[in-house]
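Enquirer: Next come a sequence and a model predicted from it.
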Amino acid sequence: MDELRNINITIDGIEISVPQGSTVLQACEAAGAEIPRFCYHEKLSVAGNCRMCLVEMERSPKPIASCAMPASDGMIIKTSSEMVEKARKGVMEFLLINHPLDCPICDQGGECDLQDQALYFGKGETRFENSKRAVSDKNMGPLIKTTMTRCIHCTRCVRFANEVAGVEDLGATGRGENVEISTYLEKAVTSELSGNLVDLCPVGALTSKPYQFVARPWELTKTESVDVMDAIGSNIRIDSRDGKVLRILPKNNESINEEWISDKSRYAIDGLSKQRLDTPFVKINNKLQRVSWDEAFEVINSKISKISNENCVGVVGNQVENEAIFAFRELFKKLNLNKILPFQKKLTFSKENRSNYLFNSKIEGLDKCDYLLLIGANPRVDSAILNARIRKNYIHRDLKISSISSQKFDLKFNHEYLGSDVKILTSILEKKHEISNDFEKANFPMIIIGDEVLQNDSSLDIQKVSTSILKKFGGFKKNWNGFNILHNYASTVGAIDILSEYSDYNHSAFKNDINKNLIKFVYLLNADDFDFDISNCFVIYQGHHGDKGAQLADVILPGAAYTEKEGSYTNLEGRVQYSQRATFPPGDAKEDWTILRALSEKLGKKLDFDNLLQLREIMFSSKTMLKFDENIYSSEPKIITKSDFKSSKLNYENKNFFMTCPISRCSSTMAECSQVNG
Amino acid sequence: MKKEQLKAENYKLCNIDQVKVDEILDKYPTTRKASAVIPLLHYVQKKSNGWLPVPEIERVAEILDMPYMKVYEVASFYTMFNLKPVGKKLLQLCHTTPCWLRGSDQIEKSIYDTLKIKDGETTPDDMFTLMKVECLGACVNAPILQINDDYYEDLDYKSTKELLNKIKTKKNIKPGSVIGRKSSEPYDKNGNVNVTK
């Protein structure tokens, strides 16, 4: 891209320099002048219809809409002149003609743009004496509550749905006074990102249905944390009151989730207060009985003599923080056991090199990439935020996308579907396929490898060919690495990082052992999504929900959910992020690493740390790879495979976006969503 | 938007002429197909008894590769697209200032007295629908009543009644000025055209 020239513009007497292409509003912000606005949003196209951002421009007889006016050299702008103030008062008076004054019963109250701006920029009284217009409410599905009388037609929601989410169901019907925002034939919004409409709405027209009439914003304790519903690691803000998580909002992070989070991240939280394990349980006479921590540990201790490296397996779940995985590993180490499964499904990675299993281009790399090939990946289901990022580049930069997968997925952007047979990769490599041209033309080619490949028998071969293709077409160079694995779960990368050097135990070895009846003891660390039969084993389940793992357990050690503990999670890029505690775990439940620490003491194999800081110190000193490097590694993956690449069809696995973990499975909101979208 | 009103079960799409559709599409660049939305909606509306049921809107959207909602937005924005069924004869009565000054209220009354319909209503036999509209752009021959595609000008209470009765009894009617003006030449108090000073 050409270097953009800067232009000079004077705002309220301050001369500043802004990049060419900026709008007057952006220039004003750069100069520190606050411009009120409703329709303008950084991440959406400019509509210019609310008129709240009017400013005075020298030599212009009328005030100008700063959001829609490109800044040009020598402009002289005033943002607080008499003319501007009068214009704002006028606009505000018009907006309030039809907007009801129902703030006391409106969920937006306290965090409403219109409320705030009416206070600062409004006239304070109305001259309008007729009755206000009334608009019937619309059905927008189980997540969005509508009070359309409050709508000021900023069309942020329409633009978000069309531009970011890719659902073109939302629009403004009618004209003039009769304009109404509605979904097509009042169908529910079928998007994984629909919750963001609630954040975008500057008034109380679209509010959160599960959160309706629950709390006022000033009553909430706000905790900035990390989401664990997918491997992206979206930054979130947890709002809680009286020890209960009431809602989750996105926190801006341009490198990861921008301003959005998926509906699962946002709305699965009602699952946090259902089916929780709040006390240790032990199976006595085939029935789980409540016991104290000491008694539960005693039961495990009584079995310890029978445990050997051959017959005991540890399984790490999908949402476990690095600290617990590390403590888990250390406990196994002390007990001389080394069979730990880092994830529950059959996923085949090569772990020699860290870039073998990371999303190497980084999420931000998508903004640079100019050709994208998806192999066996359905990013819309696996990580909706990543999908929105791909779509953004498809919309704004005409990114060309092709896919090889079991079937053509509806990804909300156009892509070329190349079939379900990965044999095609060989012809791409040999430049016998037209796709080779796309690769050749691209400066920053990118391949994203998804679940369907990782579960395939020739997973490593496919990954190997992919790296060969990238190598041939310039996929590895300075500051660019086009090889990407799309992980599904928050703890997968962390678990591989921590466990790869310690244990090379894998899924198929475990299946073998089970079939040979070798396994007698299984320790499930938050693991609920396994597909193996462990009903004959002595099962210890440590986790927070009474899900599949707890049902099979002989001993249950109640742990903490992701909002209830401090921890670090490594996202698919290899980025380590820290979550904070917003509430305390229910009843006797404890943070996971403390359970492992206490258990180790009981078993007479005390772990070497007494608090989280010590744990982290040991963890980080022994594992350099837990540290995140902002720079893109150009080192190419080293994938070692013995077999030759052969034709292989990718298989479809039916996944329900809304129910992928114990928390979301317990959430009635998610149940409703999957019913509406299913 | 009312679901039950728009959702037509077992709706049979009207017949449209592909040649005519192509003719409309040819006027716009192939990369800007959506530009043809208004002419196409007009054409389809004409073919489907003067209104646009949901399946027809969706058909237009499919022809133009547009999202349904985008076409619906257009159809709902312009008053000349009818989203509700109309009678065979759509009476569009101008009531903007010039027509109003020249007695559009009397014509409205005449229509009510003859057909018993008010603004927006349809006769029980689905023959007539009355719609009050804004300026039809023929103020020199005010007041104006547009019946389907034709203008009827220089109307008053009596001539409107006669006009409607003629339509009712299926007699031929001639569009244009009912007092015989050819264009907008002057006429005297008695309605005699061609008065020369």
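Expert: Perfect, I can see it now. Residues are numbered from 1 along each chain as shown, chains lettered A, B, ... in the order given.
Enquirer: Every contact and neighbour count from this point should use C-alpha atoms.
Expert: Will do.
Enquirer: need the contact list for the residue in the stretch 201-350 of chain A positioned nearest to chain B.
Expert: Here the stretch 201-350 of chain A gets closest to chain B at one residue, residue A:205, 17.7 Å apart by C-alpha to the nearest C-alpha. Residues counted as contacts of residue A:205 (C-alpha atoms under 8 Å, 6 or more residues apart in numbering or on different chains) are A:145-151.
Enquirer: in the chain, which residue is closest to the centre?
Expert: Looking at chain A here, since you left the chain open. Residue closest to the mean C-alpha point of chain A, counted by C-alpha atoms, centre = their mean, is residue A:234 at 3.9 Å.
Enquirer: try chain B instead
Expert: Centroid check for chain B by C-alpha atoms, centre = their mean gives residue B:148 as the closest residue, at 4.6 Å.
Enquirer: shaky segments in chain B?
Expert: B:1-10, B:191, B:194-197 (pLDDT under 70).
Enquirer: just the helices in it please.
Expert: B:3-6, B:18-26, B:37-47, B:54-64, B:68-77, B:97-101, B:104-115, B:157-168 (DSSP state H).
Enquirer: Looking at those helices, which is nearest to chain A?
Expert: In terms of C-alpha to the nearest C-alpha, the element of the helices of chain B nearest to chain A is helix B:68-77, at 4.6 Å.
Enquirer: How about the closest one and chain A, touching?
Expert: Yes: contact of helix B:68-77 with chain A (C-alpha under 8 Å from any C-alpha of the partner chain) involves B:68-70, B:72-74, B:76-77.
Enquirer: could you dump those residues to TSV with neighbour count?
Expert: Converted to TSV, these look like this (neighbours: other C-alpha atoms under 10 Å in any protein chain shown):
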residue	neighbour count
B:68	22
B:69	22
B:70	21
B:72	23
B:73	20
B:74	19
B:76	19
B:77	17
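Enquirer: Out of these, the closest to residue A:265 would be?
Expert: residue B:69 (28.3 Å; C-alpha to C-alpha).
Enquirer: so what's that closest one up against?
Expert: The contact partners of residue B:69, by C-alpha under 8 Å, 6+ apart, come to A:168-171, A:183-184.
Enquirer: got those as CSV, with neighbour count and pLDDT columns?
Expert: Compiled in CSV, those are given as follows (neighbours: other C-alpha atoms under 10 Å in any protein chain shown; pLDDT from 0 to 100):
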residue, neighbour count, pLDDT
A:168, 22, 89
A:169, 21, 89
A:170, 28, 93
A:171, 24, 93
A:183, 23, 91
A:184, 23, 89
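Enquirer: filter those by proximity to chain B?
Expert: When contact is defined as C-alpha under 8 Å from any C-alpha, the contacts of residue B:69 meet chain B at A:168-171, A:183-184.
Enquirer: Return the most buried member of the helices of chain B.
Expert: helix B:68-77 (a mean of 21; mean count of other C-alpha atoms under 10 Å in any protein chain shown).
Enquirer: Output it as PDB, nothing but the C-alphas.
Expert: C-alpha atoms of helix B:68-77 as PDB (Å, rounded to 0.1, in the frame of the first residue of the first chain):
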ATOM      1  CA  TYR B  68     -35.000 -10.400   0.200                       C
ATOM      2  CA  MET B  69     -34.900  -7.700   2.800                       C
ATOM      3  CA  LYS B  70     -33.200  -5.200   0.500                       C
ATOM      4  CA  VAL B  71     -36.000  -5.600  -2.100                       C
ATOM      5  CA  TYR B  72     -38.600  -5.400   0.600                       C
ATOM      6  CA  GLU B  73     -37.100  -2.200   1.800                       C
ATOM      7  CA  VAL B  74     -37.500  -0.700  -1.700                       C
ATOM      8  CA  ALA B  75     -41.000  -2.000  -2.100                       C
ATOM      9  CA  SER B  76     -42.100  -0.600   1.200                       C
ATOM     10  CA  PHE B  77     -40.400   2.800   0.700                       C
END
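Enquirer: Can you name the element that comes right after the lengthiest helix in chain A?
Expert: Ranked by residue count under DSSP H, the longest helix found in chain A is helix A:82-98. Following helix A:82-98 in sequence order, the next helix or strand is helix A:113-121 (DSSP states H and E).
Enquirer: Can you show me the CA trace of that next one as CSV?
Expert: The C-alpha coordinates for helix A:113-121 follow below in CSV (Å, rounded to 0.1, in the frame of the first residue of the first chain):
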residue,chain,number,x,y,z
ASP,A,113,-26.0,7.3,24.5
LEU,A,114,-29.2,9.2,24.0
GLN,A,115,-29.7,9.7,27.8
ASP,A,116,-26.1,10.9,28.2
GLN,A,117,-26.1,13.2,25.2
ALA,A,118,-29.5,14.6,26.0
LEU,A,119,-28.1,15.6,29.3
TYR,A,120,-24.9,17.2,27.9
PHE,A,121,-26.1,18.6,24.6
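Enquirer: residues in chain A within reach of chain B, list them.
Expert: Neighbours of chain B within chain A, by C-alpha under 8 Å from any C-alpha: A:168-175, A:183-186.
Enquirer: Any chance of the residues you listed in a markdown table with secondary structure as columns?
Expert: Output for the residues of chain A next to chain B, formatted as a markdown table (DSSP: H, G, I helix; E, B strand; the rest coil):
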| residue | secondary structure |
| --- | --- |
| A:168 | coil |
| A:169 | coil |
| A:170 | strand |
| A:171 | strand |
| A:172 | strand |
| A:173 | strand |
| A:174 | coil |
| A:175 | coil |
| A:183 | strand |
| A:184 | helix |
| A:185 | helix |
| A:186 | helix |
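Enquirer: what two of these have the greatest distance between them?
Expert: A:168 and A:175 (19.2 Å).
Enquirer: so which strand or helix has residue A:129?
Expert: Applying DSSP H and E, one finds residue A:129 in no helix or strand.
Enquirer: Could you check how far it is from residue B:135?
Expert: 29 Å (C-alpha to C-alpha, to the nearest Å).
Enquirer: This completes my enquiry, with thanks.
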